[in-house]
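# Below are the sequence and a predicted model; questions follow.
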Amino acid sequence: MKTHIKLTFLIALISMGANAQILKKVTDAAQRGVERTVERKVEEKSEKETGKAMDSVLNPSKKDKKKSKKDKSKKSKDENNVLIDNTDNNTSSKSVKSNSDFVPGGTVLFSDDFSQDAIGDFPAQWNTNGSGEVVTIDGLNGKWLSVMHNSIINPVMDKALPENSTIEFDLFLQADGQQSTPFIQFGLTPVRDILKEDMFYKNRFFINLHRYSEKDGQTLEYGLKNDVIGNKSDFPLTKYSNKVLHVAIAINKTRIRLYLDDNKVIDLPRALTTDMLNNFFLNNNYLIPASEIPMFISNVRIASADVDARSLLIKDLMEKGTVSTSDILFDVNSDVLKKESFPIIKQFGDALMSNASLKIKITGHTDSDGSDAANLTLSQKRAAAVKTYITENFAVAGSRIQTDGKGESQPVAPNTTADGKAKNRRVEFVKL
């Protein structure tokens, strides 16, 4: 019996040893299998990457086509020039519409279209630490200030900007494949006299706009002092090469908003400090090599927005029975409305829609440039254009709106300065 038990125990030990050896062999085999699989995967990936690299060398057009296709699917542009990213997980397409909410300030503090300055002169209402001259540009209306490389300019104003104000101007972004374009910079600075003080080492807010003719180099960025803090380089600057770009800035205490061609591009609620409102500047910035094309600017308008122009106009119309505004703008010597006028006119359209019994009379006024007869006709056409915009864009019957024009016969300011002329170019609304 004891011999049988010992034999059984010995057999069990042998069996356990054999199983352990088998298990070790299986484990070792499995490990070697994993290692071979990993090695094979690495080799396959290496071959794949090598193949790609060879393709990129031997067939570069193939890679470019794939990238182009990917880029087209990633970015699309809607009717209002707002770039839309369509790379999210949703399969359905999305459309985004952006309407400008910019409203020009109601009280003009500075206005200049250089009409009073002689060709070849530096304009009387401006200061500079460099050089520039008033010019005309083939194909464009009016006069322009041409600012040379490494030159800063600023409007001469008696006081700092109000904490609620607006700044508007036009830039002509000239481009010539044979010449380098300007590095355009504009913004706000504490420096009052740019000829005697260096603004670059003081507190300031700036916007850089350059390389606007280069599809892969266009740059739109903003910053504080000398540091760039952000960019909006997806804005299609190249679209405005050899065209006019309208720039509008809204300042509300510490907040600054930038609009380019009616598109809100920047909205920073805590960017400004009080000292920055001392002055507004534009700069054809220093470059190596120097830019060969000047910076061109015109139609500058700076206004106070301490009272919300949108609410004040309708308030005065309803309470006083009449209101006048110089913020409804037209092309030069034309009855074609500028797009920045639409938010102002919208206030009257909304008022007419919300008050079915309200009827108004719209009267146009001009400055003294041109003949009396031509200005009378122009003022009548401009009043009619405002009426047409209201009736075509709001549910308002034309019978509720009368129009008239007074030409230059009723000025509210002297026609001897650009600022006075801007005030005389106005549209009057009277409640009937």
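Good, I have the coordinates. Numbering: from 1, shown residues only.

# residues touching the residue nearest to Gly132 when sequence neighbours are not counted, list them.
Nearest non-adjacent residue to Gly132, counting by C-beta to C-beta, 6 or more residues apart in numbering: Val147, 4.3 Å away. Using the backbone N, CA and C atoms, a C-beta is placed for each residue, glycine as well. Counting by C-beta atoms under 8 Å, 6 or more residues apart in numbering, Val147 touches Thr128, Gly130, Ser131, Gly132, Ile153, Pro182, Leu282, Asn284, Pro294, Met295, Phe296, Ile297.

# The stretch 51-200 of the chain: helices as residue ranges?
60-74 (DSSP state H, counting those that start in this stretch).

# Quick one: the strands in it, in order.
Counting by DSSP state E, counting those that start in this stretch, the stretch 51-200 of the chain has strands at residues 75-77, 83-85, 107-112, 126-128, 132-135, 144-147, 151-155, 164-172, 184-189.

# Make a markdown table out of the ones you listed and add distance to Asn355 and mean pLDDT.
As requested, the strands of the stretch 51-200 of the chain are exported to a markdown table (distance: least, C-beta to C-beta, whole Å; pLDDT from 0 to 100):
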| stretch | distance to Asn355 | mean pLDDT |
| --- | --- | --- |
| strand 75-77 | 39 | 38 |
| strand 83-85 | 37 | 34 |
| strand 107-112 | 27 | 90 |
| strand 126-128 | 45 | 96 |
| strand 132-135 | 47 | 98 |
| strand 144-147 | 43 | 98 |
| strand 151-155 | 40 | 97 |
| strand 164-172 | 28 | 96 |
| strand 184-189 | 40 | 97 |
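
# I'd like to know which of the ones you listed lies nearest to Asn424.
Among the strands of the stretch 51-200 of the chain, the nearest to Asn424 by C-beta to C-beta is strand 107-112 (11.1 Å).

# Where does the prediction get shaky in the stretch 1-150 of the chain?
Across the stretch 1-150 of the chain, residues meeting the criterion (pLDDT under 70) sit at 1-100.

# and the chain, what are its domains?
According to automatic domain parsing, the chain comprises the domains 69-98, 107-304, 309-431.

# follow-up on the earlier one: pull out the buried residues from the contacts of Val147.
Thr128, Gly130, Gly132, Ile153, Pro182, Leu282, Asn284, Pro294, Met295, Phe296, Ile297 (16 or more other C-beta atoms under 10 Å).

# How about the first one: what's its closest non-neighbour residue?
Beyond its immediate neighbours in the sequence, the residue positioned closest to Thr128 (C-beta to C-beta, 6+ apart) is Ile153, lying 4.7 Å away.

# list the contacts for that neighbour?
Ile153 touches Trp126, Asn127, Thr128, Gly130, Gly132, Leu145, Val147, Ile194, Phe281, Leu282, Asn283, Ile297, counting by C-beta under 8 Å, 6+ apart.

# Please name the bridge partners of the second one.
Partner residues in beta bridges with Asn127, using DSSP bridges, are Asn154.

# Quick one: neighbours of it, just the number.
19 (other C-beta atoms under 10 Å).

# Stretch 221-231: which residues count as buried?
Glu221, Tyr222, Gly223, Leu224.

# out of these, who's nearest Asn263?
Tyr222 (14.9 Å).

# So the closest one sits against Ile266, correct?
Yes - with contact defined as C-beta atoms under 8 Å, Tyr222 counts as touching Ile266 (6.0 Å).

# burial count for Leu432?
Around Leu432 there are 10 other residues, counting by other C-beta under 10 Å.

# Enumerate every residue touching the closest residue to it other than its chain neighbours.
Excluding the flanking residues, the one nearest Leu432 by C-beta to C-beta, 6+ apart is Lys359, at 4.2 Å. Applying C-beta under 8 Å, 6+ apart to Lys359 gives the contacts Arg400, Ile401, Gln402, Lys431, Leu432.

# What sits closest to the fourth one if chain neighbours are left out?
It refers to Lys431. The spatial neighbour of Lys431 that comes closest, neighbours along the chain excluded (C-beta to C-beta, 6+ apart), is Gly321 at 4.7 Å.

# Give me the distance between the one you found and Thr366.
23 Å (C-beta to C-beta, to the nearest Å).

# can you check Leu209 too?
Leu209 is 33 Å from Thr366, by C-beta to C-beta.

# same deal with Glu133?
From Glu133 to Thr366 the distance is 28 Å (C-beta to C-beta).

# which SSE is Thr377 in?
helix 372-393 (DSSP states H and E).

# Next, the contact list for the residue nearest the centre of the chain, please.
By C-alpha atoms, centre = their mean, the mean C-alpha position of the chain lies nearest to Leu260, the distance being 3.1 Å. Contacts of Leu260 were listed using C-beta under 8 Å, 6+ apart, and they are Leu220, Phe235, Leu245, His246, Val247, Ala248.

# did I read that right, the fifth one in a strand?
Which is Val247. Yes - assessed with DSSP: H, G, I helix; E, B strand; the rest coil, Val247 lies in a strand.

# list the contacts for it?
If you count contacts by C-beta under 8 Å, 6+ apart, Val247 has them with Ile167, Glu168, Phe169, Asp170, Leu171, Phe186, Leu258, Tyr259, Leu260.

# what does the first one give?
Leu220 makes contacts with Ile207, Asn208, Leu209, Asn231, Lys232, Ser233, Phe235, Leu237, Leu260, Val265, as judged by C-beta under 8 Å, 6+ apart.

# switch the cut-off to 7 Å
Leu209, Asn231, Lys232, Ser233, Phe235, Leu237 (C-beta atoms under 7 Å, 6 or more residues apart in numbering).

# on that earlier part again, export the strands of the stretch 51-200 of the chain to TSV and tack on distance to Ala385?
Formatted as TSV, these follow (distance: least, C-beta to C-beta, whole Å):
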stretch	distance to Ala385
strand 75-77	29
strand 83-85	32
strand 107-112	22
strand 126-128	32
strand 132-135	30
strand 144-147	26
strand 151-155	30
strand 164-172	20
strand 184-189	31
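
# Not counting sequence-adjacent ones, nearest residue to Lys338?
Leu329 (4.3 Å).

# re the thing from before, Lys346: which of the buried residues of stretch 221-231 is nearest?
After measuring the buried residues of stretch 221-231 against Lys346 - C-beta to C-beta - the closest member comes out as Tyr222, at 28.6 Å.

# name the element that closest one belongs to?
Here Tyr222 is assigned to strand 219-224, by DSSP H and E.
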